[in-house]
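S.K.: What would the 3D arrangement of this be:
(one chain, ligands or ions: 1)
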Amino acid sequence: MGRSLKGTVIITGGNGSLGSEIAIAIAKTQPFTHLLLTARDPSQPDARDLTERIRLIGPRSIEILRLDLADLQSVHTFALQTIERVRTKEIPPIHTLIHSAATASYTVDEPTVDGYDPVYQTNCMAPFLLTVSLLEAFRAGGGTAADGGAKVIYVGCAEASNGRLDYFDHDREESSRSVGTVLSKKEASLRFGSSKLLASVALYALRRSLASTTNISLDVFTMDPGVMVGDSHLRTGTPLSVKVAQQTRSGLGPILRMMSRSAVNKASVPAKAIAKVAFRQASVEQAERYFILDDEYEAASVLRTLHEGAAMERLLLRMMQQTDGSAKNSPASMSPTPMVF
Ligand SMILES: NC(=O)c1ccc[n+]([C@@H]2O[C@H](COP(=O)([O-])OP(=O)(O)OC[C@H]3O[C@@H](n4cnc5c(N)ncnc54)[C@H](OP(=O)(O)O)[C@@H]3O)[C@@H](O)[C@H]2O)c1
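M.R.: Model prediction:
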């Protein structure tokens with residue numbers, strides 16, 4: 001790869017409707033960025049079409065690699081290969097990791113090969129593992145780049161406001177239902193929202209942990225793109241009016257304000273906002289931030305759990321244990337970064 005490249009941006013779900021628009025927005029505004037997109041099957045036409053669309057913008061450094069978040073070995077392999085490629089300077093250090101991939105489902109599914117609910121693993125556990133596993137590649141960039149330092153952006157959603165941190169606990173009644181059981185819209189939304197809530201909180205907890213160490217500076221935050229029109233496969237079917245009513249009940253002020261201000265957008269709108277925030281200068285003293293489109297909020301004002309230090313520490317510990325035990329000799333288990341709980 002060319003020496004003029006300034007950093008690598010990884011976008012999971014790079015072939016998805018939002019992921020592909022984020023790639024295009026970054027290709028337009030950051031010509032010296034290496035775009036590393038991931039897809040479950042990069043040979044599919046949507047991945048090839050995206051590459052062509054980006055090539056039309058101009059000469060850009062782009063690749064689409066295989067990553068299946070429902071298979072933790074795939075996450076480990078991708079992370080190890082990426083770290084090695086950064087180490088050997090085949091690609092520039094990671095500037096930003098954007099977690100856009102997600103899955104939703106209306107039925108009780110077979111567990112993944114790793115034994116987890118696929119919605120939980122794809123939306124929460126695997127993004128967390130990928131972030132931790134790539135710390136080495138972030139560290140290679142020093143974490144102090146002039147354009148704001150390394151960032152991890154988790155693409156959230158309004159349904160997280162109705163999520164529950166204990167939804168995927170094994171002792172819950174719901175976890176004993178048989179595979180194939182059809183879920184109501186409400187239940188599917190709760191499951192999806194819980195996976196997104198858990199991921200957001202766990203990543204903010206990781207950020208706190210990393211901030212208390214001196215060897216890496218990583219800004220981790222959630223960005224809610226709002227409701228999008230397009231080819232998304234992620235509809236959990238909740239009509240907007242219901243969502244707004246639910247948000248009123250939960251008292252999630254900022255999301256309610258955003259929904260009434262600009263209810264539905266094309267994916268290119270949040271994509272531009274994400275591309276902008278990914279390259280924004282870091283403030284000297286960064287607070288925990290949460291974005292709804294390009295509006296910025298103090299994260300704890302949106303995610304109340306962030307006020308509960310002990311609950312966050314417990315969640316971080318659980319996530320570290322789950323992911324650390326997922327594969328021997330994984331980058332996560334080998335990471336020299338001390339984890340402070
Ligand atoms: N659409 C909305 O209105 C909306 C609203 C708020 C937030 N969001 C958030 O925006 C993000 C993108 O959603 P979208 O609307 O762009 O959905 P989408 O078009 O359906 O894209 C989802 C992406 O996730 C990938 N994915 C699914 N399972 C995967 C797995 N096991 N491993 C790796 N990748 C996997 C899909 O890859 P395949 O092509 O292989 O399936 C696809 O690239 C999500 O995080 C979602 O929660 C969406």
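S.K.: Please, where are all the helices along the stretch 51-200 of the chain?
M.R.: 72-87, 118-120, 126-133, 135-139, 185-211 (DSSP state H, counting those that start in this stretch).
S.K.: Make CSV out of these and add mean neighbour count and distance to Ser176.
M.R.: For every residue, glycine as well, the C-beta is placed using N, CA and C. Compiled in CSV, those are given as follows (neighbours: other C-beta atoms under 10 Å; distance: least, C-beta to C-beta, whole Å):
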stretch, mean neighbour count, distance to Ser176
helix 72-87, 19, 24
helix 118-120, 21, 15
helix 126-133, 27, 24
helix 135-139, 24, 36
helix 185-211, 23, 14
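S.K.: any chance of these in JSON lines, with mean pLDDT and distance to the ligand too?
M.R.: Shown next, in JSON lines, are the helices of the stretch 51-200 of the chain (pLDDT from 0 to 100; distance: least, C-beta to the nearest ligand atom, whole Å):
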{"stretch": "helix 72-87", "mean pLDDT": "97", "distance to the ligand": "8"}
{"stretch": "helix 118-120", "mean pLDDT": "97", "distance to the ligand": "7"}
{"stretch": "helix 126-133", "mean pLDDT": "97", "distance to the ligand": "7"}
{"stretch": "helix 135-139", "mean pLDDT": "86", "distance to the ligand": "19"}
{"stretch": "helix 185-211", "mean pLDDT": "95", "distance to the ligand": "6"}
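S.K.: Generate TSV for those helices, with distance to Arg66 as supplementary columns.
M.R.: What follows is the helices of the stretch 51-200 of the chain, written out as TSV (distance: least, C-beta to C-beta, whole Å):
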stretch	distance to Arg66
helix 72-87	7
helix 118-120	17
helix 126-133	14
helix 135-139	18
helix 185-211	22
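S.K.: quick one: which of the ones you listed is nearest Asn265?
M.R.: helix 185-211 (18.6 Å; C-beta to C-beta).
S.K.: how far off helix 126-133 does that closest one point, in degrees?
M.R.: Going by axes from the mean of the first three to the mean of the last three C-alpha atoms, to 10 degrees, helix 185-211 is angled at 10 degrees with respect to helix 126-133.
S.K.: Heading C-terminal from helix 185-211, find the next helix or strand.
M.R.: The element immediately downstream of helix 185-211 (helix or strand, assigned by DSSP states H and E) is strand 218-224.
S.K.: packing partners for that following strand?
M.R.: strand 150-155, helix 185-211, helix 268-278, strand 289-292 (3 or more C-beta pairs under 8 Å, 6 or more residues apart in numbering; DSSP states H and E).
S.K.: so, in contact with the ligand or not, the third one?
M.R.: Translated: helix 268-278. No. Helix 268-278 lies out of reach of the ligand by C-beta under 6 Å from any ligand atom, never closer than 7.8 Å.
S.K.: For that helix, enumerate the helices and strands it packs against.
M.R.: Using 3+ C-beta pairs under 8 Å, 6+ apart, helix 268-278 is in contact with helix 17-29, strand 94-99, strand 150-155, strand 218-224.
S.K.: what sits up against the longest one?
M.R.: Residues outside helix 17-29 that contact it (C-beta atoms under 8 Å, 6 or more residues apart in numbering) are 9, 11-14, 33, 35, 37, 46, 50, 53-54, 57-58, 60, 62, 98, 100-101, 155, 225, 228, 230-232, 266-268, 270-272, 274-276, 278-279.
S.K.: And the last one, by the same measure?
M.R.: For strand 218-224, the external contacting residues (C-beta under 8 Å, 6+ apart) are 131, 135, 138, 143, 148-158, 160, 200, 203-204, 206-207, 210, 255, 258, 270, 273-274, 277, 282, 286, 288-293, 299, 303.
S.K.: give me that answer again for 6 Å
M.R.: Strand 218-224 is contacted from outside by 138, 149-156, 200, 203, 207, 210, 274, 286, 289-292, using C-beta atoms under 6 Å, 6 or more residues apart in numbering.
S.K.: what do you get for the third one?
M.R.: Strand 150-155 has contacts (C-beta under 6 Å, 6+ apart) with 96-100, 131, 138, 141, 143, 199-200, 203, 218-220, 222-223, 278.
S.K.: now it, how far from the centre of its chain.
M.R.: 7 Å (C-alpha atoms, centre = their mean, to the nearest Å).
S.K.: coming back round to it: Glu110: which of the helices of the stretch 51-200 of the chain is closest?
M.R.: Closest among these, using C-beta to C-beta: helix 118-120, at 7.8 Å.
S.K.: packing partners for that closest one?
M.R.: helix 185-211 (3 or more C-beta pairs under 6 Å, 6 or more residues apart in numbering; DSSP states H and E).
S.K.: Now find how far off-centre stretch 112-119 is within its chain.
M.R.: The answer for stretch 112-119 is 18 Å, by C-alpha atoms, centre = their mean.
S.K.: Hmm, I typed the wrong one, I wanted stretch 164-181.
M.R.: 23 Å.
S.K.: ditto for stretch 15-22
M.R.: Distance, centroid of stretch 15-22 to centroid of chain: 13 Å (C-alpha atoms, centre = their mean).
S.K.: For Ala310, find the nearest of the helices and strands packed on strand 218-224.
M.R.: It is, among the helices and strands packed on strand 218-224 and with distance given as C-beta to C-beta, helix 185-211, at 11.0 Å.
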